[in-house]
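J.: Provide a 3D model corresponding to the input given below.
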Amino acid sequence: MRDYKEVVSQRYDRQIETDFSPRTTLEWMSSQLRISQVFHQVLKRLADSGLNLADARVLEVGCGGGRWTRFIAEITGQPANIIGLDLSEPRIEHARRMNPAIRYRVADVVETPIGDTVDIAVAISVFMHFESEDSIRKALRNVWGSLSENGAFIFFDAWADSHFAPSGDSDSQGFRPDEIIQLARSEGFSPRFKLDVFRIFPGSHHSEQYYRFLPSVLIRFFEIVCPTKPGNFFIVFDKECERK
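T.: Next up is the predicted model:
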């Protein structure tokens, strides 16, 4: 797997103008809507458990061009309480232009302590880019250090048989849920709940790929009736008082 800094420089820096992946608009919008729906469910469950989202300080690591910080701001109504961090300076500049009320800065969550105290930390498709266990643990440690005493960490990533299986020169590799849970536990987190997004259909086809030519309602039907592993998943972790 390629080094995450190389991936950011060669791939993500080039997406700053649109923040779109190179797929059809319909596929991209439909799949992002599905992620947004489940992300909203995650935030609602946190709110139902007693967390006041309007007062919550929220951090997104690996925020890119600011798409998900904008989404969070729409829900909380408090953009000034939101912080976005990303390794890419061009993408942070783009995020600042698009969302001037949200605080953004360039930072590497692996190498640098975050320095802010927040109630919710979010990482969406970020940890898949960290090749080594050491990098993953350092990032988890820095997220843990940023959270308030009762803070929550929202983790979203792709499903894979193992993050540490050989993957050649790929940009990323997902996780088995139990794999990231074990790593997170070792750095002071305990899992609260998990919500799946998409499915891996027979033949190792990711259901997200079908949004380009099938109605989303039909894809959702097949996802519900297909008893296979998820394509992606959210896990919400609680911060434990002490790291193990």
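
J.: ok, then the element right after the least confident helix or strand in the chain by mean pLDDT?
T.: Here the helix or strand of the chain ranked lowest by mean pLDDT, DSSP states H and E is helix 4-10, holding a mean of 61. Where DSSP states H and E defines the elements, the next helix or strand beyond helix 4-10 is helix 25-48.

J.: And the contacts of the helix or strand that that next one is followed by?
T.: Sequence-wise, the next helix or strand downstream of helix 25-48 (DSSP H and E) is strand 58-61. Where contact means C-beta atoms under 8 Å, 6 or more residues apart in numbering, the residues beyond strand 58-61 that reach it are 68-69, 72, 76, 81-86, 109, 114, 116, 118-124, 126, 139, 143, 146. Just so you know, the C-beta spots here come from the backbone N, C-alpha and C atoms, and that holds for glycine as well.

J.: elements contacting the helix or strand where residue 122 lies?
T.: Using DSSP H and E, the element containing residue 122 is strand 118-124. Contact analysis of strand 118-124 by 3 or more C-beta pairs under 8 Å, 6 or more residues apart in numbering; DSSP states H and E lists strand 58-61, helix 67-76, helix 133-146, strand 147-158 as its packing neighbours.

J.: Can you tell me the centre-most residue of the chain?
T.: residue 124 (0.9 Å; C-alpha atoms, centre = their mean).

J.: measure that residue to residue 222 for me?
T.: According to C-beta to C-beta, to the nearest Å, residue 124 stands 24 Å off from residue 222.

J.: go on, residue 71?
T.: For residue 71 relative to residue 222 (C-beta to C-beta), the value is 26 Å.

J.: Neighbour count for the two, which is higher?
T.: Each of residue 71 and residue 222 has its neighbours counted (other C-beta atoms under 10 Å); residue 71 has more, 19 against 14.

J.: Now do the contacts for the residue nearest to residue 42 when sequence neighbours are not counted.
T.: Distance criterion C-beta to C-beta, 6 or more residues apart in numbering; nearest residue to residue 42, sequence neighbours excluded, is residue 234 at 5.2 Å. Counting by C-beta under 8 Å, 6+ apart, residue 234 makes contact with 38, 39, 42, 154, 155, 156, 194, 195, 196, 197.

J.: Just the buried residues of these.
T.: Among the contacts of residue 234, the ones that count as buried by 16 or more other C-beta atoms under 10 Å are 38, 39, 42, 154, 155, 156, 195, 197.

J.: what's the pLDDT at the last one?
T.: With respect to pLDDT, residue 197 has a value of 93.

J.: so it bridges to which residues?
T.: residue 232 (DSSP bridges).

J.: isn't it right next to residue 232, touching?
T.: Yes: at 4.4 Å, residue 197 and residue 232 qualify as touching, with contact defined as C-beta atoms under 8 Å.

J.: Give the residues shared as contacts by the two.
T.: Counting by C-beta under 8 Å, 6+ apart, the residues touching both residue 197 and residue 232 are 35, 156.

J.: And residue 136, how far from residue 183?
T.: Taken as C-beta to C-beta, the span from residue 136 to residue 183 is 6 Å.

J.: Of the two, give the one with the bigger neighbour count.
T.: Between residue 136 and residue 183, residue 136 has the larger neighbour count (other C-beta under 10 Å), namely 23 against 18.

J.: didn't the more buried one look like it was pressed against residue 186?
T.: No: taking contacts as C-beta under 8 Å, residue 136 lies outside contact range of residue 186: 10.0 Å.

J.: List the residues that contact the spatially closest residue to residue 196 that is not a sequence neighbour.
T.: Nearest residue to residue 196, sequence neighbours excluded (C-beta to C-beta, 6+ apart): residue 230, at 3.6 Å. By C-beta under 8 Å, 6+ apart, residue 230 lies in contact with 159, 196, 197, 198, 199, 200.
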